[in-house]
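S.K.: no sequence for this one, just the structure:
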DNA sequence: TGCCAGGCCGGGT
DNA sequence: ACCCGGCATGGC
């Protein structure tokens, strides 16, 4: 929580990803898997131009056409199938209505998302938090890297353990989870990229263990 | 120019 | 159970 405060003071509110619509957020959550958000924006813009930013319209679209539209997001063939799998759930189980979908108990919806091929824990939690406003903390590579390098979690910790770490320590607040995750991404991009920790000017430098960041990354 | 990006899956030990 | 490559485009 002190870490959160420090980041908020350094970077301010990120007002991240409450994107145009919940559906757009869902599509973005799949397309951004291991991919720069800028590329995702191009893909979403293509979908908008094609007037296909609704579950039914997108689910109806032939796979090759979908692949072409989302091409800028990379991994376009896998992602087209993953999107399709998710759309199938939304259309067939919830009649294409996100309101209906998010009315189902969050724990059970999470299970359903995870059963969908191509939807892993981070994508599922991103959908639940950012589109559905359900209190699931989103753990991404930056979360892992930042907290492991500071010695706050183990480098061996899996997704669920890391999520538990946050759920145990933070008030259950959608707004807070939302902002915290966004701030960690911001921090990660600027100071905690893969090869190069730049701890000198990092807002969290005071919290580093003696001898600098831990490294098994 | 090479490396990285807001993961996830499947196949090989 | 673990480890590792494949998937692909665009930006710095």
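M.R.: The structure has been received and is ready for your questions. Keep in mind that what you see is a predicted model, and the values were worked out from it rather than measured.

S.K.: could you report the neighbour count for residue A:193?
M.R.: Using other C-beta atoms under 10 Å, residue A:193 has 12 other residues around it. To be clear about C-beta, it is placed using only N, CA and C from the backbone, and glycine gets the same treatment.

S.K.: three-state assignment of residue A:128?
M.R.: helix (DSSP: H, G, I helix; E, B strand; the rest coil).

S.K.: state the phi and psi torsions of the closest residue to it other than its chain neighbours.
M.R.: Using C-beta to C-beta, 6 or more residues apart in numbering and skipping the chain neighbours, the partner closest in space to residue A:128 is residue A:134 (4.2 Å). Here is the backbone geometry of residue A:134 (degrees, to the nearest 10): phi -100, psi 140.

S.K.: surely residue A:134 is in contact with residue A:105?
M.R.: No - with contact defined as C-beta atoms under 8 Å, residue A:134 does not reach residue A:105; the gap is 9.7 Å.

S.K.: and these two? which has more neighbours close in?
M.R.: Neighbours were counted for residue A:134 and for residue A:105 using other C-beta under 10 Å; residue A:134 has more, 18 against 9.

S.K.: do you know how far the most centrally placed residue in chain A is from residue A:204?
M.R.: In chain A, the C-alpha closest to the average C-alpha coordinate belongs to residue A:126, at a distance of 4.2 Å (C-alpha atoms, centre = their mean). From residue A:126 across to residue A:204, the span is 23 Å (C-beta to C-beta, to the nearest Å).

S.K.: next, the contact list for the residue of chain A found nearest DNA strand C, please.
M.R.: Nearest to DNA strand C, among the residues of chain A, is residue A:74, at 2.6 Å (C-beta to the nearest atom of the strand). Residues near residue A:74 by C-beta atoms under 8 Å, 6 or more residues apart in numbering: A:35, A:39.

S.K.: tell me where chain A has helices.
M.R.: Secondary structure of chain A (DSSP state H): helices located at A:2-11, A:22-31, A:37-49, A:55-60, A:63-70, A:76-88, A:94, A:98-103, A:106-115, A:121-126, A:141-149, A:159-169, A:174-191.

S.K.: turn those into a markdown table, columns for mean pLDDT.
M.R.: Formatted as a markdown table, the helices of chain A follow (pLDDT from 0 to 100):
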| stretch | mean pLDDT |
| --- | --- |
| helix A:2-11 | 96 |
| helix A:22-31 | 97 |
| helix A:37-49 | 97 |
| helix A:55-60 | 97 |
| helix A:63-70 | 98 |
| helix A:76-88 | 98 |
| helix A:94 | 98 |
| helix A:98-103 | 98 |
| helix A:106-115 | 98 |
| helix A:121-126 | 98 |
| helix A:141-149 | 93 |
| helix A:159-169 | 97 |
| helix A:174-191 | 95 |
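
S.K.: would you list the ones you listed in a markdown table and tack on distance to residue A:200?
M.R.: Converted to a markdown table, the helices of chain A look like this (distance: least, C-beta to C-beta, whole Å):
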| stretch | distance to residue A:200 |
| --- | --- |
| helix A:2-11 | 14 |
| helix A:22-31 | 33 |
| helix A:37-49 | 26 |
| helix A:55-60 | 46 |
| helix A:63-70 | 39 |
| helix A:76-88 | 37 |
| helix A:94 | 49 |
| helix A:98-103 | 43 |
| helix A:106-115 | 40 |
| helix A:121-126 | 29 |
| helix A:141-149 | 14 |
| helix A:159-169 | 26 |
| helix A:174-191 | 9 |
